[in-house]
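Undergrad: below: sequence and its predicted model.
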Amino acid sequence: MGLGFLLDSDVTIGYLAERIPTSGMKVVAAIIDNTPHLSVISQMEVLRFNDTPENEKILVDFIDSSVIHPLNGIVVQQTIALAKKSKIKLPDAIVAATALIESFTLVTRNVDDFKKVEGLNLLNPWDIAARV
């Protein structure tokens with residue numbers, strides 16, 4: 001695994017809405033307690049919807065407490081290479097490129113969207129079995 005974790009949009013939304021199974025919620029909570037990291041793409045995806053004022057505040061507060069990884073020249077070049085080689089959607093390529101460059105494990109439910117990306121470590125909190 002990488003040195004840290006990058007949360008995909010689906011995990012951020014699932015966690016805040018408490019829609020991840022309990023065992024996965026615990027893992028994501030531990031990641032978030034150690035400062036959440038997001039790609040700028042996830043920031044845009046999470047905040048793009050019109051929501052209730054209460055939910056909007058929860059989302060904005062979460063984003064404000066996160067480390068947002070911006071697009072820079074290195075991410076752009078890695079994104080272009082991934083999009084060409086792995087044939088993934090551009091937003092997913094940006095997220096994957098960010099995770100690779102930062103040596104992060106990508107935490108996502110959409111593992112099928114990223115499984116073609118060579119060298120990318122994935123963690124799906126929906127697939128974490130409860131330990132008895």
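TA: Yes, it's here.

Undergrad: span of stretch 105-125 from start to end?
TA: Stretch 105-125 has an end-to-end distance of 12 Å (criterion: CA to CA, to the nearest Å).

Undergrad: counting neighbours, which bits of that stretch end up buried?
TA: Across stretch 105-125, burial judged by 16 or more other CB atoms under 10 Å covers 105-110, 113-114, 117, 120-125. (C-beta placed from N, C-alpha, C; glycine too.)

Undergrad: can you tell me which of those end up in strands?
TA: Assigned to strands by DSSP state E, the following of the buried residues of stretch 105-125 qualify: 105-107, 122-123.

Undergrad: contacting residues around stretch 109-117?
TA: 8, 10-11, 14, 82, 86-89, 92, 95-96, 100, 106, 108, 120, 122, 124-126 (CB atoms under 8 Å, 6 or more residues apart in numbering).

Undergrad: repeat the analysis, applying 10 Å as the threshold.
TA: Applying CB atoms under 10 Å, 6 or more residues apart in numbering, the external contacts of stretch 109-117 come out as 8-11, 13-14, 19-20, 24, 82, 85-89, 91-93, 95-97, 99-100, 106, 108, 120-127.

Undergrad: spatially central residue in the protein, please.
TA: residue 8 (1.8 Å; CA atoms, centre = their mean).

Undergrad: just checking, that residue touches residue 42?
TA: Yes: using CB atoms under 10 Å, residue 8 is in contact with residue 42, at 6.1 Å.

Undergrad: quick one: the strands in the protein, in order.
TA: Using DSSP E, the strands found in the chain span residues 4-7, 37-39, 67-69, 104-107, 122-123.

Undergrad: kind regards, and thank you for your time.
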